[in-house]
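Participant: The amino acid sequence is not available; the structure is as follows:
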């Protein structure tokens, strides 16, 4: 009887061990699948972002090609100065700031007027 009980106990332990290993294998498989799913989601999101960026780039190129060229100020490559179609320097905040910076922070109004070829202190408007 004791031998039969010991054999049954051994069979029971063996079944429990097999059940435990089976559950562990299933858990590992599920974990791998979850990891694969997570990676697949990341890859899908990256692909979607890439396609969206390409679509936006194409749309921007098409709208740029459809728009007529605007009249832009020419930039003198040697000095970086903007001039209009008549060859006059364009007065904007950046140009004035650059001239002041080039003169170490101070510049008399007379000199500034000569640089931008201004004859009167009043505006043309």
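Facilitator: Okay, I see it. The structure presented is a predicted model; accordingly, all values stated were derived computationally and were not measured.

Participant: For the rest of this, base every contact and every neighbour count on C-alpha atoms.
Facilitator: Will do.

Participant: Show me where this protein dips below the pLDDT cut-off.
Facilitator: Within the chain, the stretches with pLDDT under 70 are 68-80, 121-125.

Participant: Which residue ranges of it form strands?
Facilitator: The residue ranges that make up the strands of the chain, judged by DSSP state E, are 74-76, 81-83.

Participant: now the helices for the protein?
Facilitator: When secondary structure is read from DSSP state H, the chain shows helices at 2-66, 93-102, 109-115.

Participant: Generate CSV for these, with mean neighbour count and distance to residue 82 as supplementary columns.
Facilitator: Output for these, formatted as CSV (neighbours: other Cα atoms under 10 Å; distance: least, Cα to Cα, whole Å):
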stretch, mean neighbour count, distance to residue 82
helix 2-66, 12, 23
helix 93-102, 13, 8
helix 109-115, 12, 13
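
Participant: Out of these, the one nearest residue 81 is which?
Facilitator: Among these, helix 93-102 comes nearest to residue 81, with 7.8 Å by Cα to Cα.

Participant: What helices and strands are in contact with the closest one?
Facilitator: Of the remaining helices and strands, none touches helix 93-102 by 3 or more Cα pairs under 8 Å, 6 or more residues apart in numbering; DSSP states H and E.

Participant: circling back to that earlier point, any chance of the helices of the chain in CSV, plus distance to residue 85?
Facilitator: Written out in CSV, the entries for the helices of the chain read as follows (distance: least, Cα to Cα, whole Å):
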stretch, distance to residue 85
helix 2-66, 23
helix 93-102, 17
helix 109-115, 17
